[in-house]
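Student: This is the structure alone, sequence omitted:
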């Protein structure tokens, strides 16, 4: 059997100066504390920027590109997903159109398009919630050099007809409509 003796006075000598443990420390102000935090956050931002550059280099390669938007120093913008426009688009009609023998007065119309099961496209002209006219349109691959994917415009054609062009995510279409002078 092994006997160990312990004296109670052995450990207490190390704690004799506990009252003076904080004597040499300097107190800091709130401003100094905030500056220290800002420095730490600045270092964190530098580290994130460095990781971003490393990721761009990994994805896009290390060299420069002939296209200026693809250079390693340019920002990569998030691409928003395209959504189908189901609300229609507003069209200013400055002439009286003739659709199915009925006159459509000058004014603003919400133009919507639909494609039936036979791939026939119809342009529908609405004012408020009432359908004012529906006309069959022709599908085309032409985007008419429009800036946006979704568009509707009325273009002059000749003394009797105007051309209505329509573009959407699904298809582009056009139709010639007679107008009254």
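Tutor: Arrived safely, thanks for sending. These numbers were taken from a predicted model, which means no experiment stands behind them.

Student: Residue 131: neighbour count?
Tutor: With neighbours defined by other C-beta atoms under 10 Å, the count for residue 131 comes to 10. In short, each C-beta sits where N, CA and C put it, glycine included.

Student: Give me the below-cutoff pLDDT ranges for the chain.
Tutor: 1-2, 4-24, 60-82 (pLDDT under 70).

Student: where do the helices sit along it?
Tutor: Using DSSP state H, the helices found in the chain span residues 30-60.

Student: hang on, isn't residue 124 packed against residue 133?
Tutor: Yes - contact status for residue 124 versus residue 133: in contact at 7.3 Å, counting by C-beta atoms under 8 Å.

Student: quick one: residue 133 from residue 90, how far?
Tutor: Separation of residue 133 from residue 90 (C-beta to C-beta, to the nearest Å) stands at 15 Å.

Student: Of these two, give the one with the bigger neighbour count.
Tutor: Between residue 133 and residue 90, residue 133 has the larger neighbour count (other C-beta under 10 Å), namely 19 against 10.

Student: so who does the more buried one touch?
Tutor: Applying C-beta atoms under 8 Å, 6 or more residues apart in numbering, we find residue 133 in contact with 97, 99-100, 102, 104, 124-125.

Student: list the contacts for residue 154?
Tutor: Listed by C-beta under 8 Å, 6+ apart, the contact partners of residue 154 are 91-94, 162-164.

Student: Quick one, which of those residues are buried?
Tutor: For these, a burial check counting by 16 or more other C-beta atoms under 10 Å picks out 91, 93, 162, 164.

Student: Turn those residues into CSV, columns for distance to residue 47.
Tutor: Shown next, in CSV, are the buried ones among the contacts of residue 154 (distance: C-beta to C-beta, whole Å):
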residue, distance to residue 47
91, 53
93, 59
162, 61
164, 56
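
Student: which two of these lie the greatest distance from each other?
Tutor: Spatial extent of those (C-beta to C-beta) is set by the pair 91 and 162 at 10.9 Å.

Student: Direction included, what does the longest strand along the chain pair against?
Tutor: Taking DSSP state E as the criterion, the chain has its longest strand at strand 130-140. Strand 130-140 pairs in its sheet with strand 121-127 (antiparallel), strand 172-180 (antiparallel), by DSSP bridges.

Student: Now do the buried residues in that strand.
Tutor: Those buried within strand 130-140 under the rule 16+ other C-beta under 10 Å are 132-133, 135, 137.
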